[in-house]
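S.K.: Fold the following and give me the result.
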Amino acid sequence: MLAAFKEITYDHLHNVMQILKLAKADLVKTYRGAALGWSWAIIKPCMTLFTYWFAFSFGFRSGKPVNGFPFFLWMAVGITPWFYMNEMLVQGTESIRKYKYLVTKMKFPVSVIPTFVSVSKLMVNLVLLLVVVVLFWATGHPPTIYYLQLPFYTLLAFLFFTLWAQFASLLAAISQDFANLVKSFITPIFWLSGILWRTDTFSGSVWIRRFLAVNPVTFLTSGFRDSMIFNRWFFQSPKKCLYFACWLVLLWLLSLWAYRRLRRDIPDVL
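M.R.: Now for the predicted structure:
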């Protein structure tokens with residue numbers, strides 16, 4: 001695995017500019033041909049956010065203020081990072097298949113492909129996060145010192161889902177069934193991770209509480225809310241930080257294992 005780690009590190013260090021250029025190209029490719037262009041990167045998530053807010057506030061009538069903040073703002077903070085997570089779970093997993101010509105025709109480093117896709121999706125999410133911050137400020141909730149944690153949680157999300165893509169994209173390149181399996185878990189992950197409901201007040205099944213405690217999506221979503229709504233520092237929840245660190249190490253090891261075992265077979269399979 002040490003050799004795989006060195007190779008991946010070398011590929012990334014020697015292709016930094018290529019990663020940025022390809023990330024930009026991925027954005028352009030995504031919204032090419034649309035009259036509104038990149039505006040759809042903002043319009044689509046906003047429409048999703050409005051739909052959930054309307055359903056919970058007027059349909060289920062459960063959209064009550066949280067810690068003095070309107071339910072809409074509480075929901076916006078949690079669902080904004082999910083847009084990035086969702087895209088990485090789907091498009092990150094399929095990134096090598098999507099850009100297979102880079103592997104089969106240009107001999108481009110396989111390990112770099114999931115990274116520039118992750119950078120591309122993160123750029124859009126950073127704009128969405130900025131919109132949320134402005135929305136908070138415009139509604140009478142200016143930034144606090146806890147906002148300093150936002151880059152920290154953003155970095156953790158980037159590391160986690162880039163490592164996930166490094167691992168999952170290799171398996172999905174070998175077997176499309178794996179990509180389909182991941183897609184089938186997207187909806188359960190969304191509804192079981194506390195993105196649209198408060199995990200800190202949940203007092204139900206012990207197993208669900210344990211799942212929430214170790215769930216990396218719950219950790220990241222809660223982290224953004226702790227920074228913008230609940231005013232809590234990350235080190236106030238050491239066990240949750242430890243669980244997330246274990247996930248990062250596990251994904252790192254899995255990505256190295258998958259790269260070492262599968263990288264030579266990818267061009268032939270694609």
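
S.K.: Please enumerate the helices of the stretch 101-250 of the chain.
M.R.: For the stretch 101-250 of the chain, applying DSSP state H, counting those that start in this stretch gives helices covering 112-138, 150-174, 176-192, 206-214, 216-225, 238-262.

S.K.: any chance of those helices in a markdown table, plus distance to Q91?
M.R.: The C-beta positions use only the backbone N, C-alpha and C, and glycine is treated the same way. As requested, the helices of the stretch 101-250 of the chain are arranged in a markdown table below (distance: least, C-beta to C-beta, whole Å):
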| stretch | distance to Q91 |
| --- | --- |
| helix 112-138 | 6 |
| helix 150-174 | 8 |
| helix 176-192 | 10 |
| helix 206-214 | 25 |
| helix 216-225 | 16 |
| helix 238-262 | 17 |
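
S.K.: Next, format these as JSON lines and append mean neighbour count.
M.R.: What follows is these, written out as JSON lines (neighbours: other C-beta atoms under 10 Å):
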{"stretch": "helix 112-138", "mean neighbour count": "20"}
{"stretch": "helix 150-174", "mean neighbour count": "22"}
{"stretch": "helix 176-192", "mean neighbour count": "13"}
{"stretch": "helix 206-214", "mean neighbour count": "12"}
{"stretch": "helix 216-225", "mean neighbour count": "24"}
{"stretch": "helix 238-262", "mean neighbour count": "16"}
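
S.K.: looking at these, which one has the lowest mean pLDDT?
M.R.: Looking over the helices of the stretch 101-250 of the chain, mean pLDDT reaches its minimum on helix 206-214, with a mean of 77.

S.K.: So which elements touch it?
M.R.: helix 176-192, helix 238-262 (3 or more C-beta pairs under 8 Å, 6 or more residues apart in numbering; DSSP states H and E).

S.K.: Put together JSON lines for the ones you listed, with distance to I229 on each row.
M.R.: Listed next are the helices and strands packed on helix 206-214 as JSON lines, based on distance: least, C-beta to C-beta, whole Å:
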{"stretch": "helix 176-192", "distance to I229": "20"}
{"stretch": "helix 238-262", "distance to I229": "17"}
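
S.K.: L159 is nearest to which of those helices?
M.R.: When the helices and strands packed on helix 206-214 are compared by C-beta to C-beta, helix 238-262 sits nearest L159, at 6.3 Å.

S.K.: could you point out which element follows the closest one?
M.R.: Scanning forward in sequence from helix 238-262 by DSSP states H and E, the next helix or strand is helix 266-269.

S.K.: List the contacts of the helix or strand where F5 lies.
M.R.: Using DSSP H and E, F5 sits within helix 2-13. Under the contact criterion C-beta atoms under 8 Å, 6 or more residues apart in numbering, helix 2-13 has outside partners I19, P109, S111, V112, T115, Q166, S255, L256, W257, Y259, R260, R263.

S.K.: Distance of the fourth one relative to V119?
M.R.: Distance of V112 to V119, computed by C-beta to C-beta, to the nearest Å: 10 Å.

S.K.: what sits in contact with each of these two?
M.R.: Common contact partners of V112 and V119 (C-beta under 8 Å, 6+ apart): I19.

S.K.: Next, the angle from the helix or strand containing M75 to helix 112-138.
M.R.: M75 belongs to helix 71-87 when assigned by DSSP H and E. Using axes from the mean of the first three to the mean of the last three C-alpha atoms, to 10 degrees, the direction of helix 71-87 lies 170 degrees away from that of helix 112-138.

S.K.: next one: helix 71-87 to chain centre, how far?
M.R.: 10 Å (C-alpha atoms, centre = their mean, to the nearest Å).

S.K.: what's it in contact with?
M.R.: So helix 71-87 is contacted by 45, 48-49, 52-53, 56-57, 63-67, 121-122, 124-125, 128-129, 132, 135-136, 139, 141, 153-154, 157, 161, 186, 190, 194-196, 217, 220-221, 224-225, 228-229 (C-beta under 8 Å, 6+ apart).

S.K.: Could you do stretch 14-21 as well?
M.R.: Residues external to stretch 14-21 that are found in contact with it (C-beta under 8 Å, 6+ apart): H12, P109, V112, T115, F116, V119.

S.K.: Farthest pair within those residues?
M.R.: P109 and V119 (14.8 Å).

S.K.: Okay then, goodbye and thanks.
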